[in-house]
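Chemist: Here is my input; please provide its structure:
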Amino acid sequence: YLGGTVLGSYASGFCGGLVLTVSALAISRRRGAPPTITLILPGFWLLVPGSMGLIGVTELFGAAGDSAFPATVISMISVALGLPAGLVLWQLLRLRRSTAPQRAAR
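Modeler: Numbering: from 1, shown residues only. The predicted structure follows:
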């Protein structure tokens with residue numbers, strides 16, 4: 001929601017994918033939590049229609065499908081780019097956390 005408010009509807013999918021990936025990775029590290037992929041997949045399938053609105057999905061299959069198809073493709077690409085961006089962010093956070101004690105010791 002915040003990504004949509006700040007960056008617009010197409011970028012909201014990117015923000016959602018980024019937050020989804022980081023959240024899934026953080027949750028999956030807890031003991032007894034399901035694997036990361038089982039947390040990401042349902043969120044991914046909810047993000048694509050959520051980032052463009054369910055009305056656009058119904059328009060895709062209706063008479064006004066010409067205008068909804070590009071929006072669907074852009075929304076899917078936005079979410080698909082947000083997922084690896086979240087993975088990169090997660091790796092950067094882990095790297096920073098693992099090198100923080102070494103910096104303090106110097």
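Chemist: Quick check: L93 vs T21, distance?
Modeler: L93 sits at a distance of 12 Å from T21 (criterion: C-beta to C-beta, to the nearest Å). C-betas here are computed from N, CA, C, even on glycine.
Chemist: let me redo that: A11
Modeler: Distance, A11 to T21, using C-beta to C-beta: 16 Å.
Chemist: Same check on G86?
Modeler: Distance from G86 to T21, counting by C-beta to C-beta: 3 Å.
Chemist: Any buried residues in stretch 8-22, and which?
Modeler: Neighbour counts over stretch 8-22 (16 or more other C-beta atoms under 10 Å) mark 9-10, 12-22 as buried.
Chemist: meant to ask about stretch 26-38, not that
Modeler: Neighbour-count burial for stretch 26-38 flags T36 (criterion: 16+ other C-beta under 10 Å).
Chemist: hey, where'd the helices end up in this protein?
Modeler: Per DSSP state H, the chain carries helices over the ranges 2-7, 9-28, 36-52, 54-60, 65-105.
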